[in-house]
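A.B. asks: Quick one, what's the 3D model for this:
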Amino acid sequence: MQSLAAKLIQDRLVPPHIMLQVLAHHGAHHRHLADMLLARRAVSAELLYDAIAEHWEVGRVDLVALPPDPRLTAQFNHVTALRDGLLPWRKVGQATVIVTAYPDLFTRHRAWLEESFGPVAMAVAPLPHIETALLAAHGTQLAQAAETRVPALESCRAYHSTTLQRPAAILAAIIGIFALFQPVAALVVLFAVALTAMFSANVMKLIALILMHRPTSESRNSATIAQLPMVSVMVALYRESNIATKLAARLDRLEYPRDLLDILLVVEQEDQMTRNALDTSDLPGWMRVIVVPDGTVKTKPRALNYALDHCRGSIVGIYDAEDAPEPDQIRKIVERFRQCGPEVVCLQGQLDYYNPRSNWLSRCFTIEYASWFRMFLPGIARMGMAIPLGGTTLFFRRTALEELGGWDAQNVTEDADLGLRLFRHGYRTELINTTTFEEANCRSFPWVKQRSRWIKGYMMTWITHMRDPGLLWQQLGPRCFIGFQVQFLGSILQTLMAPLLWSLWMIPLGLHHPLPVVIGTTGFNLLYFAMLATTVLTIGFDIAGMRRTRHGLNPLWAVTLMLYHPLATLAAYKALWELMTKPFYWDKTSHGHFDA
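C.D. replies: Residues are numbered from 1 along each chain as shown. From the prediction side, this is the model:
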């Protein structure tokens, strides 16, 4: 590397002071000199690889004009190609030309390359060109691999819309016949189910509220630059052409060495609008565009699975397109991973909104998120239960993520599903005190579309993990198994059956309701008191979460969430319909409408 560095300085391709800075960190970072120079935008890829080819006295291959022989690349593991920057190109005489992005490391691969291909010769090309050539040659196979990465027994991909239609029809027929011949008993059973779902969820909230009063110790950022690992962060983009520049500006605020920051902007192959926007954007050298080949489904988890093999870091993170993380966030993540044991393989950051005052809906969404990320999730973490992950501000130890097969490509709440799979395999997730701000979805119809996707994903996640209840009970244990039922099945039933409980408002309005006649005046008064108590608990829980933010919203806004939650019921029925008709459909949320 020293001789190549000298050549780059001598040819005036890299200023001496920049090269000295790169060389000072080169040994500690264990990153290739070419990647570090490109991350700092010290030289263009074209000039750099022309110089590398000249230095090593090998050919420079244009993989766009002269693509590799697909018969050769088919014999090569694509993970190896992406990790080591290697790709078999063509036969020239008796030798197979191997294109590499890192010629100084070629000798360590020569033995197994010759065992696979016979005599080999070296040529060079930039790693992005190798990635593009691999996509062009084997896009279909790579797409299939991304869709089936999770083992079949832990994935929902075997389901079809017709899989659930017959059981749903049978259940609906049973309920209908029961209600026809035993209307009073049916009413009692339905109310019992609805009330059990509501009360169990509130019991968990109460426990979380109590546990959140326990003090916790904060970790301190003490890692030196020599100890810092490379961190890869994937950002899945789809029809996001209007926020690409803003995203780059937000991520540029991250206070982490650019040599060790690997940002992957993951975009679908057919999304030409976003790809064109990224092509014309002045992206920094530490950001890369990863194009995902077309497949049978078009979901965020499939895109993340594909891009995972392109990551260079030992820690892999996820952001959304509209995210604005706190500047010191990645340093906090790295420090916490350094402090905790190997069983902690995932860190979940807090999510908040940078437009809480756009309208009433944004205020309600902000309050809901505050209680979820600052009260409920930390509370269940202290209970020792599985954490249903959020879709962003997630950071993983890469080895554990790859061991589990990444994300279930067909599940539209891949985050919550992954959180449960991590727990089932004996790993732990921790909540960490760092915040990412994003845009509150505060338009009614897009809000319902987004929430219906989340609820549909919860339904599919519950169905998938309850495929073998005995095994789930064994892996989770009795307490966590019950907690799983409350978190997933309980929240689904509570949202779907909310109209049944709303019918009790008929009584204060002077209208007849059959329930008081069935359970008696005393029983009904006790029920009313319990429901009033849960309402007070819910409002208090929301206010407690809101006070842990810096927004300063009036606590009275929390009372208005009683008018906000019915939107979730509308979303739940949309989700139930889609579960029966198009279970893997990803209802895209549009961003950038209330950008700060």
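A.B. asks: The closest residue to Thr413 other than its chain neighbours and Tyr585, how far apart?
C.D. replies: In space, and not counting its chain neighbours, Thr413 is closest to Gly457: 2.5 Å by C-beta to C-beta, 6 or more residues apart in numbering. C-beta here means a position set from N, CA and C on the backbone, and glycine is covered the same way. To Tyr585, Gly457 is 11 Å away according to C-beta to C-beta, to the nearest Å.
A.B. asks: list the residues that contact both of the two?
C.D. replies: Val412 (C-beta atoms under 8 Å, 6 or more residues apart in numbering).
A.B. asks: And those two? Which one has more around it.
C.D. replies: Gly457 (25 against 16; other C-beta atoms under 10 Å).
A.B. asks: secondary structure class for that one?
C.D. replies: helix (DSSP: H, G, I helix; E, B strand; the rest coil).
A.B. asks: just checking, it touches Asn411?
C.D. replies: Yes - between Gly457 and Asn411 there is a contact under C-beta atoms under 8 Å: 5.9 Å.
A.B. asks: quick one: common contacting residues for these two?
C.D. replies: By C-beta under 8 Å, 6+ apart, the residues touching both Gly457 and Asn411 are Asp417.
A.B. asks: hang on, Ile98 in a helix?
C.D. replies: No - judged by three-state DSSP, Ile98 forms no part of a helix; its state is strand.
A.B. asks: ok, now which ones touch it?
C.D. replies: By C-beta under 8 Å, 6+ apart, the contact set of Ile98 is 86-89, 106, 109, 113, 117, 120-123.
A.B. asks: nearest spatial neighbour of it, skipping sequence neighbours?
C.D. replies: Ile98 sits nearest to Val120 (C-beta to C-beta, 6+ apart), 5.1 Å away.
A.B. asks: What's opposite that neighbour in the beta bridge?
C.D. replies: Beta bridges link Val120 to Thr96, judged by DSSP bridges.
A.B. asks: was I right about it contacting Glu114?
C.D. replies: Yes - when contacts are counted by C-beta under 8 Å, Val120 is listed as touching Glu114 (5.6 Å).
A.B. asks: For Trp286, which residues are in contact?
C.D. replies: Contacts of Trp286 (C-beta under 8 Å, 6+ apart): 39, 258-259, 261-263.
A.B. asks: now swap in Arg453 and tell me
C.D. replies: Arg453 sits next to 412-413, 575, 586-587, 589 when contact means C-beta under 8 Å, 6+ apart.
A.B. asks: Relative to Ser281, how far out is the residue most central in space within the chain?
C.D. replies: Nearest to the mean C-alpha position of the chain, by C-alpha atoms, centre = their mean, lies Gly391 at 3.7 Å. Using C-beta to C-beta, we find Gly391 at a distance of 24 Å from Ser281.
A.B. asks: For Leu209, state which of the contacts of Ile98 is nearest.
C.D. replies: Leu86 (54.6 Å; C-beta to C-beta).
A.B. asks: backbone phi and psi for the closest one, please?
C.D. replies: Taking degrees, to the nearest 10, you get phi -130, psi 150 for the backbone angles of Leu86.
A.B. asks: Over to Gly59?
C.D. replies: The phi/psi pair for Gly59 (degrees, to the nearest 10) reads phi -80, psi 150.
A.B. asks: do Val184 as well
C.D. replies: The phi and psi values for Val184, taken as degrees, to the nearest 10, are phi -70, psi -50.
A.B. asks: Next: Leu87.
C.D. replies: Main-chain torsions, Leu87, degrees, to the nearest 10: phi -160, psi 120.
A.B. asks: I'd like the contacts of Trp286 as TSV, with secondary structure appended.
C.D. replies: Shown next, in TSV, are the contacts of Trp286 (three-state DSSP):
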residue	secondary structure
Ala39	helix
Arg258	helix
Asp259	helix
Leu261	strand
Asp262	strand
Ile263	strand
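A.B. asks: Among those residues, which pair sits farthest apart?
C.D. replies: Asp259 and Ile263 (12.7 Å).
A.B. asks: so how many other residues sit close to the nearest residue in space to His512 that is not next to it in sequence?
C.D. replies: Excluding its sequence neighbours, the residue lying closest to His512 (C-beta to C-beta, 6+ apart) is Met506, at 7.3 Å. Neighbour count of Met506, defined by other C-beta under 10 Å: 12.
A.B. asks: circling back: residue contacts, the residue nearest to Ile98?
C.D. replies: By C-beta under 8 Å, 6+ apart, the neighbours of Val120 are 95-98, 110, 113-114.
A.B. asks: In PyMOL, how would I select the buried members of these?
C.D. replies: To isolate the buried ones among the contacts of Val120 in PyMOL, judged by 16 or more other C-beta atoms under 10 Å, type:
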select buried, resi 96+97+98+113
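A.B. asks: could the contacts of Val120 go into CSV alongside distance to Ala6 and pLDDT?
C.D. replies: Shown next, in CSV, are the contacts of Val120 (distance: C-beta to C-beta, whole Å; pLDDT from 0 to 100):
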residue, distance to Ala6, pLDDT
Ala95, 30, 93
Thr96, 32, 94
Val97, 28, 94
Ile98, 26, 94
Arg110, 25, 92
Leu113, 29, 92
Glu114, 31, 92
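A.B. asks: Sort out which one of the contacts of Val120 lies nearest Pro325 for me.
C.D. replies: Proximity of the contacts of Val120 to Pro325 was ranked by C-beta to C-beta; the top entry is Ile98 with 39.0 Å.
A.B. asks: so how far is Thr107 from the closest one?
C.D. replies: As judged by C-beta to C-beta, Ile98 and Thr107 stand 12 Å apart.
A.B. asks: Between strand 95-100 and the one helix or strand Ala123 maps to, find me the angle.
C.D. replies: Using DSSP states H and E, Ala123 falls within strand 120-124. Angle, strand 120-124 to strand 95-100, by axes from the mean of the first three to the mean of the last three C-alpha atoms, to 10 degrees: 30 degrees.
A.B. asks: can you tell me the average pLDDT over strand 120-124?
C.D. replies: Averaged across strand 120-124, the pLDDT comes to 94.
A.B. asks: buried stuff in that strand?
C.D. replies: Buried residues in strand 120-124 (16+ other C-beta under 10 Å): 120, 122-124.
A.B. asks: what does stretch 85-92 give?
C.D. replies: Under 16+ other C-beta under 10 Å, the buried positions of stretch 85-92 are 85-90.
A.B. asks: mind listing what's buried in the lengthiest helix in the chain?
C.D. replies: Among the elements of the chain assigned as helix by DSSP state H, the one spanning the most residues is helix 515-546. Of the residues in helix 515-546, 515-516, 524, 527, 531, 534, 538-546 count as buried by neighbour count, 16+ other C-beta under 10 Å.
A.B. asks: from these, which single one is nearest Leu63?
C.D. replies: Checking the buried residues of helix 515-546 against Leu63 by C-beta to C-beta gives Gly545 as the nearest, at 51.8 Å.
A.B. asks: Okay, now the unreliable bits of the stretch 51-200 of the chain?
C.D. replies: Along the stretch 51-200 of the chain, segments meeting pLDDT under 70 are nowhere present.
A.B. asks: thinking again about what came up before, I'd like the contacts of Val120 as TSV, with distance to Ala186 appended.
C.D. replies: Formatted as TSV, the contacts of Val120 follow (distance: C-beta to C-beta, whole Å):
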residue	distance to Ala186
Ala95	78
Thr96	73
Val97	74
Ile98	71
Arg110	75
Leu113	71
Glu114	75
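A.B. asks: picking that back up, would you mind giving the buried residues of strand 120-124 as CSV with distance to Tyr319 added?
C.D. replies: Shown next, in CSV, are the buried residues of strand 120-124 (distance: C-beta to C-beta, whole Å):
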residue, distance to Tyr319
Val120, 39
Met122, 37
Ala123, 36
Val124, 32
